[in-house]
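[1] sharing a sequence plus its predicted fold:
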Amino acid sequence: MKEEEKWSSQFRDWLSVQQEGDPAHDIQHIERVALNTRHLAREEGLGLEVLLPAAWLHDCVHVAKDSPNRTKASVMSADRAVEYLEEVGYPAEYFEAIHHAIEAHSFSAGIETRTREAAVLQDADRLDALGAVGLSRCLMLGGYMGSELMSRVDPFCESREPEDAKFAVDHFYRKLLKLENTMKTTAGRALATERTDFLRAFLEQLRREVPS
């Protein structure tokens, strides 16, 4: 445990001096993903030699959501993470597995997970896009990027394709409500179901509060 805490502290300190990302991908997001990862790893009976650095470093290279390079962000983070781990003397035997876990965590990259560790990290990251935290991040990021809250025409995407670059609520339909069915671990699926139910309840309440 002391070794894990030592590395966690070192990773946190390094990330704190890196270029900041958007408000939804700040150090608090990283800390929550690390916490989710510990929980899922314990449930899956996995050690943290791969997962601890992968969780802390999975977003170490920030690429803006509206950048044409967005789909490459996870591979860029994986490359930089391994470079950094070499610099600080982390055991090289774990580099390949760490690189894969980081590159495969991203929804937009579409890289299939080949290891249990990659599946855990992917679930841990996606859980942070659901529930009360996921709701808050979605609306906060929409405001940060200058999106409107919702469309005045068909606001709940019943007969049109979601345009989440324009409307924050559309992101629920573009991505968030789909994450539940992508979970790879048993514990991840259970938590995703609970948190997705929360998002659906929010949307139903929102529907009751806005003009039809």
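    Looks like it arrived, so ask away.
[2] gap between D170 and L141?
    Distance of D170 to L141, computed by Cβ to Cβ, to the nearest Å: 12 Å. Yep, even glycine has a C-beta here, placed from its N, CA and C like the rest.
[3] of these two, who's got more company?
    With neighbours defined as other Cβ atoms under 10 Å, D170 and L141 compare such that D170 has more, 25 against 18.
[4] wait, the more buried one touches D154, no?
    No. Judged on Cβ atoms under 8 Å, D170 makes no contact with D154 at a distance of 10.0 Å.
[5] just give me the neighbour total for L40.
    Considering only other Cβ under 10 Å, L40 is surrounded by 27 other residues.
[6] what's the closest non-adjacent residue to it?
    V120 (4.6 Å; Cβ to Cβ, 6 or more residues apart in numbering).
[7] cool, H39 as well?
    A187 (6.9 Å).
[8] and the residue nearest the centre of the chain, what does it touch?
    The centre of the chain sits closest to D125, judged by Cα atoms, centre = their mean, with a distance of 3.3 Å. For D125, the contact set (Cβ atoms under 8 Å, 6 or more residues apart in numbering) comprises 33, 36, 58, 105-106.
[9] now with 6 Å, please.
    33, 105 (Cβ atoms under 6 Å, 6 or more residues apart in numbering).
[10] any idea how far the longest helix anywhere in the chain is from the chain center?
    When the chain is parsed with DSSP state H, its longest helix is helix 186-209. Distance of helix 186-209 from the chain centroid (Cα atoms, centre = their mean, to the nearest Å) equals 17 Å.
[11] who are the packing partners of it?
    Counting contacts by 3 or more Cβ pairs under 6 Å, 6 or more residues apart in numbering; DSSP states H and E, helix 186-209 is packed against helix 27-44, helix 131-144.
[12] F198: neighbouring residues, count only.
    Residues near F198, counting by other Cβ under 10 Å: 15.
[13] give me the contact list for stretch 69-88.
    57, 59-61, 63, 95, 99, 102-103, 105-106, 108-109.
[14] please save the CA atoms from the longest helix of the chain in CSV.
    Presented in CSV, the C-alpha positions along helix 186-209 are these (Å, rounded to 0.1, in the frame of the first residue of the first chain):
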residue,chain,number,x,y,z
THR,A,186,-19.6,-7.0,-13.8
ALA,A,187,-19.2,-4.3,-11.2
GLY,A,188,-18.9,-1.7,-13.9
ARG,A,189,-22.2,-2.8,-15.5
ALA,A,190,-24.0,-2.6,-12.1
LEU,A,191,-22.8,0.9,-11.4
ALA,A,192,-23.4,2.0,-14.9
THR,A,193,-27.1,0.9,-14.7
GLU,A,194,-27.6,2.8,-11.5
ARG,A,195,-26.0,5.9,-12.8
THR,A,196,-27.7,5.8,-16.2
ASP,A,197,-31.1,5.5,-14.4
PHE,A,198,-30.2,8.8,-12.7
LEU,A,199,-29.6,10.4,-16.1
ARG,A,200,-32.9,9.2,-17.5
ALA,A,201,-34.7,10.5,-14.4
PHE,A,202,-33.1,13.9,-14.9
LEU,A,203,-34.2,14.0,-18.6
GLU,A,204,-37.7,13.1,-17.6
GLN,A,205,-37.8,15.8,-15.0
LEU,A,206,-36.3,18.3,-17.5
ARG,A,207,-39.0,17.3,-20.0
ARG,A,208,-41.7,18.2,-17.5
GLU,A,209,-40.1,21.6,-16.8
